[in-house]
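> sequence below, structure please.
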Amino acid sequence: AATARWWIWPAILTVGIAYLFGANRQIIAMQSAARRRATTAVHQIAMAWLYPLFACAIVLIAGATAVNTLSGYALALAIVLASQLFFLGKIHPKAGLKFVGIARLKRPPAEQFKSVILLGGPIAIWGVTGWLQLYADRWVVGYYLNLGSIGILAVSAMLASKPILSLSEVVSNLFYPIIV
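Have a look, this model is predicted:
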């Protein structure tokens, strides 16, 4: 019975990570709009580097399982989110509490929701094709080799892309407000 429900904790942690990641990205956007570029850059770098580092640390301490890896991601993102809420509170003292849902927000009008769906529908389709393209190499490696090879490919690709992605986000956040 326990093996039949092996997927429950990874699913719960994945949903939690999605929420934490989205919340972090939204606060980064708010900090950027408030022209707090240094704070934005620090949190972007922290998001890029802390969650793989925390995941590796927890895997080394507790063992190599999906739950331990996802727990490391979630813990790192929660720490970054707490830091962001702290700095967001410096801009507006009640902003951090409103963002996490303590204050009740109004529901958007139906026509606004409809326009978001109409405009976002094609983008969602592109997102699916982008996801397929992103993971196709892993499926091919998995077909011809084994799971260990997929893990090595995934970690190698992540480590190879992190420095340039981190640098491009910092440069983008530094120059975007100046250009626009």
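
> only C-alpha atoms for contact and neighbour calcs from this point on.
Fine.

> which helix of this structure spans the most residues?
Criterion DSSP state H: the longest helix present in the chain is helix 110-144.

> past that helix, which element shows up next along the chain?
Downstream of helix 110-144, the next assigned helix or strand under DSSP states H and E is helix 147-179.

> mind listing what's buried in that next one?
The neighbour-count check on helix 147-179 (16 or more other CA atoms under 10 Å) flags 150, 166, 170, 173-174 as buried.

> report the lowest-confidence entry in those.
Comparing pLDDT over those, the lowest score belongs to Asn173 (68).

> center of this protein, which residue is that?
Nearest to the mean C-alpha position of the chain, by CA atoms, centre = their mean, lies Phe21 at 3.3 Å.

> how about the nearest residue to that residue, chain neighbours excluded?
Leu77 (6.6 Å; CA to CA, 6 or more residues apart in numbering).

> what residues of the helix or strand in which Ala82 is found count as buried?
Ala82 is part of helix 66-91, with elements assigned from DSSP H and E. For helix 66-91, a neighbour-count test (16+ other CA under 10 Å) marks 67-81, 84-85, 87-88 as buried.

> among the buried residues of helix 147-179, which one lies nearest to Gly16?
Using CA to CA, Ser166 is the member of the buried residues of helix 147-179 that lies nearest Gly16, at 23.1 Å.

> distance of the closest one from Leu88?
Per CA to CA, to the nearest Å, Ser166 is found 21 Å from Leu88.
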